[in-house]
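Q: Curious how this folds, go ahead:
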Amino acid sequence: MNENLDFNPLQASLLSDDPKWFEDLRVQALHSYERAPWLGGDLQTVAHRLIHRDRPILGVKTLMQFPLRDQSGDIMTGTLHDPGKGGPLVILLHGLAGSEDSVYMRDTAHHLAQQGMRVLRLNHRGAGSSLKSCSIPYQCAGTTEIIEILDSLPDELTASGIFLCGFSMGGAILLNILIEIGRDPRICGAMTVSAPLDLTTASVQLNRHRNVIYQKVLLATLMRFERALRKYCKLVDEETLRNPRSLFEYDELFTAPRHGFTSAVDYYQKTSPLSRLKNIRVPVVMLHAENDPWITSDPYRLTAKNCHTNIRILLTKYGGHVGFHFRQRSNPFYIDVLNQMLSGN
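A: Sure thing, here's the model as predicted:
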């Protein structure tokens, strides 16, 4: 199936043909049912905000800073939790308008640390605590800075490999990273949760009338960020006076021109990972729910049909957007998937 390389044991397990762990996950996904009262894609999507318990994350906590090499003076940040038991370093990437303190980031880190795994909750450029130390925000093609971070991590953290997990837009960024780096023996595996594979279709879906509340909440968060960015980086006042009415308009007014794209359409076309997934050389599981109100399942079905060698699609009937609250499960299903991948059996 793959060329002979110096894989670590976990990577070799994840690359094997039809591994038992993935077949078990497919059976679990097929027989998973939503947990009352979180019925339907919308309640699944907001459930973590309503039932979140801020549980402690075990291990030695280290606040980390990552100066970037692009002469901007920007410094990205994250928090490392090390229970001291070794194993691969798991790096978590948050979604749009999120940070290392997003509920799904903290819950996942809590679970991983309980299992004795080292985990780094990373803030994307300009997100979370890196807002005050970055001059521009992240975007879907912002791979260079994260690759720099991977290269800068000390050997004692990465000796057993690196595992990447991206949520929503963080998943799309993760896929773009893997597309760019190709085969890398340091990265033993990766997982995405509710990632937009095609930003154009995701934008159209979010712009539907049924999603107007989601869009307003995201826009309000993004515009608070823009005002804070102006405060810390002295951006031109006029740039924050424009009030976008949709995420497409936000990308048209802010994201595209800021990062050198001619328009939002140009940005979506050039940064969507869908058409380039064949270039991924790292084992990846992509988890998505058919009733995700933000992102349609069509790109996932297309990917499954194309049979990309290193990509396995786990498509569930229920789960919403980064929800996956199922019956008889104390954790969201994505945590169980992550645990199965990291155990490799």
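Q: Residue 245 - how many residues pack around it?
A: Residues contacting residue 245 under the criterion other Cβ atoms under 10 Å number 11. In short, each C-beta sits where N, CA and C put it, glycine included.
Q: Over to residue 62?
A: Other residues near residue 62 number 11, with proximity taken as other Cβ under 10 Å.
Q: In terms of helices and strands, where is the closest residue to it other than its chain neighbours?
A: Distances taken as Cβ to Cβ, 6 or more residues apart in numbering put residue 80 closest to residue 62, at 4.4 Å, once the chain neighbours are dropped. Assigning secondary structure by DSSP states H and E places residue 80 in strand 75-82.
Q: After that strand, heading C-terminal, what element do we hit next?
A: Beyond strand 75-82 in the direction of the C-terminus, DSSP H and E gives the next helix or strand as strand 89-93.
Q: And that next one, what's buried?
A: 89, 90, 91, 92, 93 (16 or more other Cβ atoms under 10 Å).
Q: Just give me the closest of these to residue 292.
A: Taking Cβ to Cβ as the measure, residue 93 is the one of the buried residues of strand 89-93 closest to residue 292, at 18.2 Å.
Q: where does the closest residue in space to the closest one that isn't next to it in sequence fall, helix, sheet strand or coil?
A: Ranked by Cβ to Cβ, 6+ apart and with sequence neighbours excluded, the top spatial neighbour of residue 93 is residue 170, at 3.4 Å. In three-state terms, and counting by DSSP: H, G, I helix; E, B strand; the rest coil, residue 170 is helix.
Q: mind listing the helices in the stretch 151-300 of the chain by residue range?
A: Here the stretch 151-300 of the chain has its helices, by DSSP state H, counting those that start in this stretch, at 155-158, 169-181, 199-206, 212-233, 237-241, 247-250, 256-258, 264-271, 298-306.
Q: nearest to residue 123, of these?
A: Minimum separation from residue 123 across the helices of the stretch 151-300 of the chain (Cβ to Cβ) falls at helix 169-181, 10.6 Å.
Q: now the angle from the closest one to helix 199-206?
A: Relative orientation of helix 169-181 versus helix 199-206 (axes from the mean of the first three to the mean of the last three Cα atoms, to 10 degrees): 170 degrees.
Q: ok, and for helix 169-181, which residues are buried?
A: When neighbours are counted by 16+ other Cβ under 10 Å, the buried residues of helix 169-181 are found to be 169, 170, 171, 172, 173, 174, 175, 176, 177, 178, 179, 181.
Q: Residue 96 versus the third one, what's the distance?
A: Put plainly, it is residue 171. With distances defined as Cβ to Cβ, to the nearest Å, the gap from residue 171 to residue 96 amounts to 11 Å.
Q: can you map out the strands along the protein?
A: 60-67, 75-82, 89-93, 118-122, 162-167, 187-193, 284-289, 311-316 (DSSP state E).
Q: where among those strands is the average confidence lowest?
A: When the strands of the chain are ranked by mean pLDDT, strand 311-316 comes last with a mean of 93.
Q: So what's the gap between that strand and the chain middle?
A: 15 Å (Cα atoms, centre = their mean, to the nearest Å).
Q: which residues touch that strand?
A: Contacts of strand 311-316 with the rest of the structure, by Cβ atoms under 8 Å, 6 or more residues apart in numbering, involve 22, 25-26, 29, 32, 277, 280, 283-290, 297, 300-301, 303-304, 324, 333, 337.
Q: Weed out the non-buried ones from these.
A: The neighbour-count test (16+ other Cβ under 10 Å) applied to the contacts of strand 311-316 identifies 22, 25, 29, 32, 277, 280, 283-289, 297, 300, 303-304, 324, 333, 337 as buried.
Q: got the end-to-end distance for stretch 187-198?
A: Across stretch 187-198, the terminal residues are separated by 24 Å (Cα to Cα, to the nearest Å).
Q: can you offset everything so residue one is 488?
A: In the new count, where the first residue is 488, that last one comes out as stretch 674-685.
Q: Can you give me the pLDDT of residue 520?
A: pLDDT, the model's per-residue confidence, is 70 for residue 520.
Q: The closest residue to it other than its chain neighbours and residue 768: what is the separation?
A: Nearest residue to residue 520 in three dimensions, chain neighbours excluded: residue 814, at 5.0 Å (Cβ to Cβ, 6+ apart). Between residue 814 and residue 768 the computed distance is 37 Å (Cβ to Cβ).
Q: And for residue 515?
A: In this structure, residue 515 and residue 768 are 27 Å apart, going by Cβ to Cβ.
Q: residues contacting the closest residue to residue 546 other than its chain neighbours?
A: Nearest non-adjacent residue to residue 546, counting by Cβ to Cβ, 6+ apart: residue 570, 3.8 Å away. Applying Cβ under 8 Å, 6+ apart, we find residue 570 in contact with 545, 546, 547, 600, 603, 604, 605.
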